[in-house]
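1. structure here, sequence nowhere to be found:
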DNA sequence: CTACAGACAGACAGGTTCGTCTACCCATAC
DNA sequence: GTATGGGTAGACGAACCTGTCTGTCTGTAG
């Protein structure tokens, strides 16, 4: 399966990493409930015992994947203290949403697939969203906007709508006028 | 289970209606995938054969429920040719979202639970959202707003974000400044 | 009285899921 | 040499899910 053409040394990825990679891809594309453990095990080319050694249950795997995804996303964000950091954040998200193959937001998926808010996956997704909201508020303040909390909430809700719409509409999501709307929300 | 205190004559609801009622409640509260046919059958107090006579498959039941929900919602909407019909629509949705016990949007749930856009349930949910978008555009025009399509898209995305956030946060969804943001989007 | 539509009760088949378990392999460190 | 950590392979149980099927009961229409 290793589709390496001629990249760097190619460290042979530990079993744990292979599992997380495969699980992330499958969960994102097909959903948490729709993807079974057996499928992850098969595609990660890993023994079942190995899987359960690293992740005591499927829920643990989901939570671990969410944490890893959040870390990865954090790293690729525009700086919080750059110029117009709230606007920059929103534009970055919009760019991602317009990427071909984007299917919405994994964190949002946790609440949709596990309605019970005490479910570990739902709780993990919620945690991410809470931190996003805090980040947005800081960015709004750093941008010198009045009433940063209100601006943050407005942008947050709008971005959530973008993710939900991309999930629903796919590449045909009605995003044509999204940046204009964002301008209105932060202006 | 009939929690009737002393209402009108109480027609004894046909089997089909009982199934749809129960299924709707369960699907909304716990999710399409999480609720099994057996559970619907038990709570609707119906025989399995009867169920499968009315709904050839679970997917058919889901689609039927979505259609019924859309009809019900349509009926309770502010008129399209009233004063400020776009604003009225948005405010009505916001009021619903703030209702205790609101858990987000059933139609949105279809895309989240069935990622494949050709799945009947996903397609049904998408159909509803397309019609909502059209409605919003007509309402924007009736409200005399310039660039009704852009306004409709903006309001649409924002409302989708509200539904997604209610699903995620429950009663703690960050809606405190939502009407102010909506004002900005339509103004 | 009879015929029949519609509902009931529930066994059953076939498939899937999560998680446990046994048994074996093999490289490295000591 | 050998203990140990990490991996492989895959059988297995118990639960659950969808959908089919058999057989019984009841109410109404002719």
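-> Yep, that arrived. All values derive from a computational prediction rather than experimental measurement.
2. residues from chain A in reach of DNA strand C?
-> Contact residues (CB under 7 Å from any atom of the strand) of chain A with DNA strand C: A:36-39, A:48-49, A:52, A:56-59. Glycine gets a C-beta too; all of them are placed from N, C-alpha and C.
3. of those residues, grab the buried ones for PyMOL.
-> Of the residues of chain A next to DNA strand C, the buried ones can be selected in PyMOL as follows, counting by 16 or more other CB atoms under 10 Å in any protein chain shown:
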select buried, chain A and resi 58
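4. just the residues of chain A next to DNA strand C that are near DNA strand D?
-> Within the residues of chain A next to DNA strand C, those near DNA strand D by CB under 7 Å from any atom of the strand are A:48-49.
5. residue A:145 reaches residue A:151, doesn't it?
-> Yes: Residue A:145 is in contact with residue A:151 according to CB atoms under 8 Å; the separation is 5.0 Å.
6. please identify which of the two sits among more neighbours.
-> residue A:151 (24 against 18; other CB atoms under 10 Å in any protein chain shown).
7. verify the stated contact: that one with residue A:142.
-> No: Residue A:151 is beyond contact range of residue A:142, at 11.4 Å (criterion: CB under 8 Å).
8. where do the contact lists of the two overlap?
-> residue A:86 (CB atoms under 8 Å, 6 or more residues apart in numbering or on different chains).
9. now do stretch A:22-35: distance to the chain's middle.
-> For stretch A:22-35, the separation from the chain centroid amounts to 13 Å (computed by CA atoms, centre = their mean, to the nearest Å).
10. state the mean pLDDT of that stretch.
-> For stretch A:22-35, mean pLDDT is 96.
11. what residues sit buried inside that stretch?
-> Buried-residue list, stretch A:22-35, by 16+ other CB under 10 Å: A:22-24, A:26-28, A:31-35.
12. okay if I get these as TSV plus secondary structure and distance to residue B:127?
-> Formatted as TSV, these follow (DSSP: H, G, I helix; E, B strand; the rest coil; distance: CB to CB, whole Å):
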residue	secondary structure	distance to residue B:127
A:22	helix	33
A:23	helix	32
A:24	helix	31
A:26	helix	27
A:27	helix	26
A:28	helix	25
A:31	coil	20
A:32	coil	25
A:33	coil	23
A:34	coil	22
A:35	coil	26
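13. now for those residues: which two are most distant?
-> A:22 and A:33 (16.7 Å; CB to CB).
14. residue A:101: what secondary structure?
-> coil (DSSP: H, G, I helix; E, B strand; the rest coil).
15. burial check on it, number of neighbours?
-> Neighbours around residue A:101, by other CB under 10 Å: 8.
16. give me the pLDDT value at it.
-> 91.
17. repeat that for the one 10 residues further on.
-> Among the per-residue scores, residue A:111 shows a pLDDT of 97.
18. which residues are in contact with the closest residue to residue A:40 other than its chain neighbours?
-> Distances taken as CB to CB, 6 or more residues apart in numbering or on different chains place residue A:23 nearest to residue A:40, at 4.9 Å, with adjacent residues excluded. Listed by CB under 8 Å, 6+ apart, the contact set of residue A:23 reads A:35, A:40, A:44, A:61-62, A:65.
19. quick one: which of those sit in strands?
-> Taking DSSP state E, every one of the contacts of residue A:23 sits outside strands.
20. what subset of those residues is buried?
-> A:35, A:40, A:44, A:61-62, A:65.
21. show me which of those is closest to residue B:176.
-> Looking across the buried ones among the contacts of residue A:23 and measuring by CB to CB, the closest to residue B:176 is residue A:62, at 30.5 Å.
22. contact partners for that closest one?
-> A:23, A:27, A:32, A:110, A:120-121, A:124.
23. does stretch A:101-118 come close to DNA strand D?
-> No: figure legend: stretch A:101-118 not in contact with DNA strand D (CB under 7 Å from any atom of the strand); closest approach 14.5 Å.
24. list the buried ones in that stretch?
-> So for stretch A:101-118, counting by 16+ other CB under 10 Å, buried means A:102-115, A:117.
25. among these, which ones are in helices?
-> Of the buried residues of stretch A:101-118, the ones assigned to helices by DSSP state H are A:106-113.
26. make a markdown table from the residues you listed and add distance to residue B:132 to it.
-> Formatted as a markdown table, those follow (distance: CB to CB, whole Å):
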| residue | distance to residue B:132 |
| --- | --- |
| A:106 | 25 |
| A:107 | 24 |
| A:108 | 19 |
| A:109 | 21 |
| A:110 | 25 |
| A:111 | 21 |
| A:112 | 18 |
| A:113 | 23 |
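27. check which helix or strand covers the nearest residue to residue A:105 once chain neighbours are set aside.
-> Among residues not flanking residue A:105 along the chain, residue A:163 sits closest, at 3.7 Å (CB to CB, 6+ apart). Residue A:163 is part of helix A:148-169, with elements assigned from DSSP states H and E.
28. ramachandran coordinates for residue A:104?
-> With angles defined as degrees, to the nearest 10, residue A:104 sits at phi 100, psi -160.
29. from residue A:66, how far off is the closest residue in space to it that isn't next to it in sequence?
-> Excluding the flanking residues, the one nearest residue A:104 by CB to CB, 6+ apart is residue A:167, at 3.2 Å. Using CB to CB, to the nearest Å, residue A:167 is found at 16 Å from residue A:66.
30. where in chain A is pLDDT low?
-> Scanning chain A for pLDDT under 70 picks out A:1-12.
31. now for residue A:145 and residue A:151: what residues contact both?
-> Common neighbours of residue A:145 and residue A:151 (CB under 8 Å, 6+ apart) are A:86, A:186.
32. run through the residues that contact the nearest residue to residue A:16 once chain neighbours are set aside.
-> Once flanking residues are discounted, residue A:16 sits nearest to residue A:54: 4.8 Å by CB to CB, 6+ apart. By CB under 8 Å, 6+ apart, the contact list for residue A:54 reads A:15-16, A:19.
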